[in-house]
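> Task: produce atomic coordinates for the following.
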Amino acid sequence: MHDYITITLTVVIVVVAYLICCTCIRRTTTRLRAESQRLELVWTVLPVGVLIFIAFPSLKLLYSLEEARSADVTISVVGHQWY
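Predicted structure coming up:
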């Protein structure tokens with residue numbers, strides 16, 4: 001799971017850094033890019049897609065850890081507060 005999230009995070013960081021560098025080099029902002037409804041839709045949907053892309057495997061892992069297995073040895077630990 002760690003490797004999966006690390007690869008996803010690396011891809012996101014590389015793409016964002018590339019877009020920032022391209023924007024800084026060109027130094028041009030068009031009206032189409034500044035007021036684009038499609039661009040705002042992509043900026044909203046893309047992070048949701050990335051979060052879903054990460055959420056499904058993590059939920060699968062979480063539910064698989066919740067399954068109880070039969071134990072060979074059971075240890076009972078009782079703690080008391082020290083006064």
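
> what about Ile75, neighbour count?
5 (other CB atoms under 10 Å). (Glycine included, C-beta is placed from N, CA and C.)

> Off-centre distance for the biggest helix by length in the chain?
Scanning the chain for the helix with the most residues, using DSSP state H, yields helix 37-66. Relative to the centre of its chain, helix 37-66 is centred 7 Å away, using CA atoms, centre = their mean, to the nearest Å.

> now stretch 19-28
So, by CA atoms, centre = their mean, the centroid of stretch 19-28 is 26 Å from its chain's centroid.

> For it, list the C-alpha coordinates in CSV.
Listed next in CSV are the C-alpha coordinates belonging to stretch 19-28 (Å, rounded to 0.1, in the frame of the first residue of the first chain):
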residue,chain,number,x,y,z
LEU,A,19,2.7,22.6,-15.3
ILE,A,20,4.1,25.2,-12.9
CYS,A,21,7.4,25.3,-14.8
CYS,A,22,5.6,25.6,-18.2
THR,A,23,3.5,28.4,-16.9
CYS,A,24,6.5,30.3,-15.5
ILE,A,25,8.5,29.9,-18.7
ARG,A,26,5.7,31.0,-21.0
ARG,A,27,4.5,33.9,-18.8
THR,A,28,1.3,34.2,-20.8
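
> name the helices or strands packed onto the longest helix of the chain?
Helices and strands touching helix 37-66, by 3 or more CB pairs under 8 Å, 6 or more residues apart in numbering; DSSP states H and E, are helix 2-26.
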